[in-house]
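Participant: Sharing a sequence plus its predicted fold:
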Amino acid sequence: MARKPLDSFKDKVVVITGAGSGIGRALAVRLTELGAHLALSDIDEKSVEETAKICAGHGRDIWATRLDVTEREAVIAYAHDVRAYFGTVHQVYNNAGIAYYGEVERQSYKEVERVLDVNFWGTVYMTTSFLPYLIASRDGHVVNVSSLFGLITYPGQSAYSASKFAVRGFTEALRQEMLLARYPVRVTAVHPGGIKTAVARNAGAAAGLDAASIARAFDKRLALHSPEMAADTIVRGVHEQRARVLIGAEAKALDLLGRIAPAGSQRFGAVMSRLLRIAPRPGARP
């Protein structure tokens, strides 16, 4: 059966965080091709301005700016400014995030707090600040990017998994609330598998770990999909108003394993970390 054309994005006002590279940039390009107006942000001002230039030429209104999603008051002001500039807001894609490698016994409180500030609290601030405008639009959609590690766990990813499990829980509860209140806002949780983006390459790591070598191992062995493929999958899921979008066959398979045999999925993660040589070796301490 032929898929329905992606015509639901035309003239929609779309907000994308982390739009300076990776999935965020790919989403911006795809959505402007489909006729959406864009409010783009990233903590790296130069990169998000470059995304805006790439997206230009489709006759759409594009506004790019620097935004640190961990700064609550700045996010609140940004939501107000976007609403004032475009007159309405239809969709928010909370894509900004950071990766981090480190075992629980190695990582510092400060490092864990940073991961949670960006990945979880950034999502909370953006969602909460934009929600009244999404409701007012009568055609709102919140799209929160969690992770495969928001479905299953993996050694050395306790902080990252905690943040992405939190995003998942927040998003799924929000969806239920919108349904109960009968608000015109749909909610989608996105769980990418291995995507070739700068997030892994720019990831932080606990003391004594070589972040560059871990990132190279991830890129070589687990980064299976392009940001463009991820963006296309997300856009299709939003168009179809799906509650959950899994990106990649590995995400679907491991999600199924995690639901059927939770303990088995944890053993699988431990074994795979050794085979792929991505997790720190046992006993290796600074």
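Facilitator: All right, it came through fine.
Participant: Show me what the helix or strand that residue 173 is a member of is packed against.
Facilitator: In this assignment (DSSP states H and E), residue 173 forms part of helix 158-181. Using 3 or more Cβ pairs under 8 Å, 6 or more residues apart in numbering; DSSP states H and E, the elements in contact with helix 158-181 are helix 109-116, helix 122-137, strand 140-145, strand 185-192. The way it works is simple: take the backbone N, C-alpha and C, and place the C-beta from them, glycine included.
Participant: try it again with 10 Å
Facilitator: Applying 3 or more Cβ pairs under 10 Å, 6 or more residues apart in numbering; DSSP states H and E, one finds that helix 158-181 contacts strand 91-94, strand 100-101, helix 109-116, helix 122-137, strand 140-145, strand 185-192, strand 244-247.
Participant: send the alpha carbons of that helix over as CSV?
Facilitator: Below are the C-alpha coordinates for helix 158-181, written out as CSV (Å, rounded to 0.1, in the frame of the first residue of the first chain):
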residue,chain,number,x,y,z
SER,A,158,24.5,5.0,33.5
ALA,A,159,24.3,8.8,33.4
TYR,A,160,23.3,8.9,29.7
SER,A,161,20.7,6.1,30.2
ALA,A,162,19.3,7.8,33.3
SER,A,163,18.8,11.0,31.3
LYS,A,164,17.2,9.2,28.3
PHE,A,165,15.0,6.9,30.5
ALA,A,166,13.9,10.1,32.2
VAL,A,167,13.1,11.7,28.8
ARG,A,168,11.1,8.7,27.9
GLY,A,169,9.1,8.7,31.1
PHE,A,170,8.4,12.4,30.9
THR,A,171,7.3,12.1,27.3
GLU,A,172,5.0,9.1,27.8
ALA,A,173,3.4,10.8,30.8
LEU,A,174,2.9,14.0,28.9
ARG,A,175,1.2,12.1,26.1
GLN,A,176,-1.3,10.6,28.6
GLU,A,177,-2.0,14.0,30.1
MET,A,178,-2.7,15.5,26.7
LEU,A,179,-5.1,12.7,25.9
LEU,A,180,-6.9,13.0,29.2
ALA,A,181,-7.2,16.7,28.9
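Participant: start at 657 instead
Facilitator: All right, first residue 657 from here; so that's helix 814-837.
Participant: in it, what's buried?
Facilitator: 814-824, 826-828, 830-831, 834 (16 or more other Cβ atoms under 10 Å).
Participant: Please apply the same query to stretch 794-807.
Facilitator: 796-807.
Participant: show me the contacts for residue 681.
Facilitator: By Cβ atoms under 10 Å, 6 or more residues apart in numbering, the contact set of residue 681 is 672, 674-675, 696, 698, 703-704, 706-708, 710-711, 751, 853-854, 883-884, 887.
Participant: How about residue 825?
Facilitator: Residue 825 touches 776, 802, 806, 845, counting by Cβ under 10 Å, 6+ apart.
Participant: One more: residue 691?
Facilitator: 662-668, 714-716.
Participant: make it 7 Å
Facilitator: Contacts for residue 691 (Cβ atoms under 7 Å, 6 or more residues apart in numbering) come out as 665-667, 716.
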